[in-house]
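J.: Next input, structure requested:
(4 chains)
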Number of protein chains: 2
Amino acid sequence: MSALMDRLMDRFPALRDLECEARRVLEDGARPATLAAGTQLFLDGDPCTAFTLILDGAVRVQKVSESGRRIVLYRVEPGQTCVLTTNALMAAIPYGAEGLAETDLAVAIVPHGTFQRLLAGSDVFRRFVFSAYATRISDLLLLIEEVAFARIDARLAHLLLTRADDSGEVRATHHALATELGSAREVISRQLKEFERQGWVSAARGRVLVRDGAALARLHQGGDGAR
Amino acid sequence: MSALMDRLMDRFPALRDLECEARRVLEDGARPATLAAGTQLFLDGDPCTAFTLILDGAVRVQKVSESGRRIVLYRVEPGQTCVLTTNALMAAIPYGAEGLAETDLAVAIVPHGTFQRLLAGSDVFRRFVFSAYATRISDLLLLIEEVAFARIDARLAHLLLTRADDSGEVRATHHALATELGSAREVISRQLKEFERQGWVSAARGRVLVRDGAALARLHQGGDGAR
DNA sequence: TGACGATCAGTAACTAAGTCACAGTTCCAC
DNA sequence: GTGGAACTGTGACTTAGTTACTGATCGTCA
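T.: As a prediction, the model looks like this:
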């Protein structure tokens, strides 16, 4: 087995069950590639030409408004695929958002034709794609709920908790946090100042230290009363 | 062929291509049912037990916040299926929103087992389900973009345009329009007052008459400058 | 090493949107 | 026609996003 297939099987356990024939199709078609951090993988409106499986690194998929504000829809990490890609390939529609390499990437590129053949020929591959769909839709629903109903302080608190490392540190600028939430930098700055005033976090250029995770969690759980 | 299958083929042309065997499975499994307007088909958190195909009528799928605000995610109309149902069935997760019969419904209910058998055995059925997925994901992305970035006046203008009948009339209360947009009744009332002041619409209890569709369209197209 | 540009953060004043607490209006059923 | 329910209007207030700045910090390169 090729080195690429080895890594694929490692990252995507579901593909280990691939039928003989399908495995051969994948092995023939898939091509490895590496991409530098910061690379734009696709833009909103781009056509989609290949199915990409992430082996290492992370892709951020975000929607950009006319005025330049952004909101992160989801991240694609090793072992995951990008619904938008699947979507774009299957329905032959352009991408609905932009994809950005957040770190250096190692990927396996499956050309359109191979993708279609796998979809037509392999139960396992189809299940794999379907289940990726299901997960993302749930994520998108949660996102809609958050954006439509949740207060920005609760959303920020949640974001800080999920992004904090073991020592409670979050490495991100106010601008990056705003992008993540689809909000504006100034809003995040204000909220962080308030959190700091409460003693819940301490902030420094480019990073935020979570001091009282429990307080942030309370905020997120609507202890404050959701809108 | 049974009357139910007749109507299914009529509403879902894609199913006409169903393979012989698959068609028999569907015919054996599908059961007709009717539901009165206002029936709750499922609630957020409910488990999903069957795949439902809408023959006549419309289902509104909406997310409800803790505080009771609602936002319409999408409508399921004749010839469409509900992604959440597919989602819930395939990944065995509960529904992520609530479904409400907006009108009297005629549906075909396909039990879980039949659905799984069709998915496993029929290319046509799989393609049918996949393409429904693809469409909805695009819709949900647009919704996220709207909610996150668009101004409420532009969104309301758009809503009025899409819901107006030939004579420009929209039959809906301010409350209903607010629910549609995930906003609040008072906000809609104020906006409508403003639209009325501009001479773009005229309002009466339970309905809005679009007088200057072009002006509303301009607003929606960000002629006002999106946020 | 210090000057410069770039990135990052703070702030005030303003607009837009959502919330709260009402009051007034219209409709329908009895 | 009366009472209650549904619908609409309004003002005061809070929260969030926008605009237009200023100041702080960093890396770099002459």
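
J.: from here on, contacts and neighbour counts on C-alpha atoms
T.: Will do.

J.: Quickly list the domain ranges of chain A.
T.: A:3-147, A:151-220 (automatic domain parsing).

J.: ends of the last one, how far apart?
T.: Start-to-end span of domain A:151-220 (CA to CA, to the nearest Å) is 9 Å.

J.: quick one: that domain to chain centroid distance?
T.: 19 Å (CA atoms, centre = their mean, to the nearest Å).

J.: Export the domains of chain A to JSON lines and append columns for mean neighbour count.
T.: Formatted as JSON lines, the domains of chain A follow (neighbours: other CA atoms under 10 Å in any protein chain shown):
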{"stretch": "domain A:3-147", "mean neighbour count": "18"}
{"stretch": "domain A:151-220", "mean neighbour count": "18"}
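
J.: what about those domains, which gets the closest to B:Pro94?
T.: Nearest to B:Pro94 among those is domain A:3-147 (9.9 Å), distances taken as CA to CA.

J.: ok, that closest one near chain B or not?
T.: Yes: judged by CA under 8 Å from any CA of the partner chain, domain A:3-147 and chain B are in contact via A:63, A:65-67, A:69, A:71, A:87-88, A:90-91, A:96, A:120, A:123, A:130-131, A:133-135, A:137-138, A:140-141, A:143-145, A:147.

J.: Which other helices and strands does the worst-scoring helix or strand of chain A on mean pLDDT contact?
T.: Each helix and strand of chain A was given a mean pLDDT (mean pLDDT, DSSP states H and E); the minimum falls on helix A:83-91 at a mean of 81. Applying 3 or more CA pairs under 8 Å, 6 or more residues apart in numbering or on different chains; DSSP states H and E, one finds that helix A:83-91 makes contact with strand A:50-56, helix A:123-149, helix B:123-149.

J.: Looking at the ones you listed, which is nearest to DNA strand D?
T.: Nearest to DNA strand D, of all the helices and strands packed on helix A:83-91, is helix B:123-149, at 6.9 Å by CA to the nearest atom of the strand.

J.: isn't A:Ile188 right up against A:Thr179?
T.: No: A:Ile188 is not in contact with A:Thr179 according to CA atoms under 8 Å; the separation is 9.9 Å.

J.: hey, what's in contact with both of those two?
T.: Contact criterion CA atoms under 8 Å, 6 or more residues apart in numbering or on different chains; residues shared by A:Ile188 and A:Thr179: none found.

J.: SS state for the residue nearest the centre of chain A?
T.: Ranked by distance to the mean C-alpha position of chain A (CA atoms, centre = their mean), the top residue is A:Arg75 at 0.7 Å. Put simply, A:Arg75 is strand when judged by DSSP: H, G, I helix; E, B strand; the rest coil.

J.: hey, what's it bridged with?
T.: When assigned by DSSP bridges, A:Arg75 has beta-bridge partners A:Arg60.

J.: There's contact between it and A:Val59 in this structure, I believe.
T.: Yes: if you go by CA under 8 Å, A:Arg75 and A:Val59 touch, sitting 5.5 Å apart.

J.: For chain A, give me the ranges with low pLDDT.
T.: A:1, A:222-227 (pLDDT under 70).

J.: mind listing the helices for it?
T.: A:3-11, A:20-29, A:83-91, A:112-121, A:123-149, A:152-163, A:174-181, A:185-197, A:213-220 (DSSP state H).

J.: Nearest to DNA strand D among the ones you listed would be which one?
T.: helix A:152-163 (3.8 Å).

J.: So that closest one, near DNA strand D or not?
T.: Yes: using CA under 7 Å from any atom of the strand, helix A:152-163 reaches DNA strand D at A:Ile152, A:Asp153.

J.: quick one, that helix and helix A:123-149 angle?
T.: Helix A:152-163 runs at 140 degrees relative to helix A:123-149, counting by axes from the mean of the first three to the mean of the last three CA atoms, to 10 degrees.

J.: And the contacts of helix A:152-163?
T.: Residues contacting helix A:152-163 (CA under 8 Å, 6+ apart): A:146, A:168, A:170, A:177, A:181, A:188, A:191, A:210, A:213, A:216-217, A:219-222.

J.: Next, give me the two most distant ones among those residues.
T.: Greatest spatial distance in these: A:Glu146 and A:Gly168, 23.4 Å, computed using CA to CA.

J.: For A:Ala106, name its beta-bridge partners.
T.: Going by DSSP bridges, A:Ala106 is paired in beta bridges with A:Thr34, A:Asp56.

J.: For it, which residues are in contact?
T.: The contact partners of A:Ala106, by CA under 8 Å, 6+ apart, come to A:Pro32, A:Ala33, A:Thr34, A:Leu35, A:Ile54, A:Leu55, A:Asp56, A:Gly57.
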